[in-house]
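Enquirer: give me coordinates for this.
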Amino acid sequence: MYALLQDALRLLRAEMPWLFPLCFGLFGACIGSFLNVVIYRSPRGLSLMDPARSFCPRCEKEIPWYLNIPLLSWLVLRGKCASCGGSIPFRYWLVEAATAGLFVAATMYYAQEDLLAQLLLCLWLSLAVVMIAIDAERMEVLPKHALLATAAGLGFASCAPWLIDGAALEASDGLLWSAAGAAAGFVLMKTVAFAGKLMFGHRRICHEKPIPWSLRQSEDGEDILLTMPEATMSWAELFAEPGNRLVLEDATLFIDGSEVPGGTLTFSADSVSTETGTTYSLEDCDQLSGHFRSLRTSRAAMGSGDAWIMLAIGAICGWEGVVFTLIAASLLGIVGGIATRVGRGNPMPFGPYLLAAAIVWLFGGSSLWGWYTGYFT
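Expert: Numbering: from 1, shown residues only. Coordinates of the predicted model:
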């Protein structure tokens, strides 16, 4: 029965080659509208189903269906909410357009593959769009999205094993190569992150005389700032990763105006520990200040979320795609950093570049990689 269905679909595609790209494009635009819900609600811990309808992030009024038509509504309303007139970010339209375009590319580039393989690829691409948008906006990667994409990649490799390894003909072979690629991507990125932390993750500042320091809230109340005479450091940047630490040596510590034993102070994202082993929660303190002679920071050079992304990439691209993705993403990151003037010590999300490079691999990059590596064999 499944074989007969595939034959019927191939005949329909041959008779009306425009039908599948059109259907996939319209379907992709609708999926893109739902992805905008996922992108906004998931990192904020909000339910995807309650409320069931989309709402304006500014006035929180539900958007009726006739004002929530993918691609068209944003253009007709000129990027504004019909209720409050608040601006609706261009990202909403871009996600819908990108998802539609990727769905069309999937059904055209992989026209000879089974419909199930194409649908699994579209699922992977949808999750890639979600991870790109969240990482670009919040510098955050949710493992559940990467794990779902990994599952889609494993399914895709089982349906079309020859795409992940030219010699693989059985579903079990494709599944094996997909799992190996996922493991390779995860381990490689963890290794790169560890090496980056050893080489670039440590910073030390020393002074001949003690200098003052204090912690204070930022003006918008969203961050804590470490203030010193020569610099101000953002708490969000210092503790972007759970294992990051800030150490003040030869330091004094005043909590809400009262001095407590200092010495070496070790800060985590939510606490400070003194040399005597006493730990104070930052939530319980209104004001912290003092003096210090030297400062040390230990921070990751690359976020741990990138390893989850590479797990999903390896599952659908294989180990060769992992190597290509890491090289191509580094080049794209350099270009993007220069174009957006991001970097130079400031954190920059690398996940979007990794996923963009993986998408390039899926739509022709593998052929380019084969042509390039052919010169060395």
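
Enquirer: other residues contacting stretch 63-70?
Expert: Residues outside stretch 63-70 that contact it (CB atoms under 8 Å, 6 or more residues apart in numbering): 29-30, 32-33, 53-56, 73, 77, 81-82, 96, 100. (C-beta placed from N, C-alpha, C; glycine too.)

Enquirer: hang on, I meant stretch 50-62
Expert: The contact list for stretch 50-62, computed with CB under 8 Å, 6+ apart, reads 33, 36-37, 40, 63-65, 68, 81, 83-84, 86, 88.

Enquirer: again with stretch 213-227
Expert: The contact list for stretch 213-227 (CB under 8 Å, 6+ apart) reads 228, 232-236, 238, 246, 248, 251, 282, 287-292.

Enquirer: now do that stretch: distance from first to last residue.
Expert: For stretch 213-227, the first-to-last residue distance is 6 Å (CA to CA, to the nearest Å).

Enquirer: quick one: buried residues of that stretch?
Expert: Residues of stretch 213-227 classed as buried: 213, 215, 224, 225, 226 (neighbour count, 16 or more other CB atoms under 10 Å).

Enquirer: quick check: buried residues in the helix or strand harbouring residue 314?
Expert: Counting by DSSP states H and E, the element that carries residue 314 is helix 305-340. Of the residues in helix 305-340, 305-326, 328-329, 332-333, 336 count as buried by neighbour count, 16+ other CB under 10 Å.

Enquirer: repeat for stretch 42-55
Expert: Neighbour counts over stretch 42-55 (16+ other CB under 10 Å) mark 42, 43, 54 as buried.

Enquirer: which residues touch the first one?
Expert: By that I understand residue 42. Applying CB under 8 Å, 6+ apart, the residues near residue 42 are 48, 130, 134, 142, 145.

Enquirer: show me where the protein has helices.
Expert: Shown for the chain, the helices assigned by DSSP state H span residues 2-15, 19-41, 72-76, 90-109, 115-138, 143-159, 161-164, 171-200, 235-238, 305-340, 351-360, 366-373.

Enquirer: so which of the ones you listed is the most packed in?
Expert: helix 351-360 (a mean of 24; mean count of other CB atoms under 10 Å).

Enquirer: and that helix with helix 90-109, angle?
Expert: Interaxial angle, helix 351-360 versus helix 90-109 (axes from the mean of the first three to the mean of the last three CA atoms, to 10 degrees): 20 degrees.

Enquirer: any idea which of the buried residues of stretch 213-227 is closest to residue 268?
Expert: Closest approach to residue 268 among those (CB to CB): residue 224, at 12.2 Å.

Enquirer: and the pLDDT for the closest one?
Expert: Looking at residue 224, its pLDDT is 82.

Enquirer: now do it against residue 171, distance only.
Expert: Between residue 224 and residue 171 the distance is 52 Å, computed by CB to CB, to the nearest Å.

Enquirer: same check on residue 70?
Expert: The value you get for residue 70 to residue 171, if CB to CB is used, is 34 Å.

Enquirer: max-length strand in this protein?
Expert: The longest strand of the chain (DSSP state E) is strand 202-217.

Enquirer: adjacent strands (with direction) for it?
Expert: strand 224-227 (antiparallel), strand 288-298 (antiparallel) (DSSP bridges).

Enquirer: any chance of TSV for the ones you listed, columns distance to residue 155?
Expert: Shown next, in TSV, are these (distance: least, CB to CB, whole Å):
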stretch	distance to residue 155
strand 224-227	44
strand 288-298	40
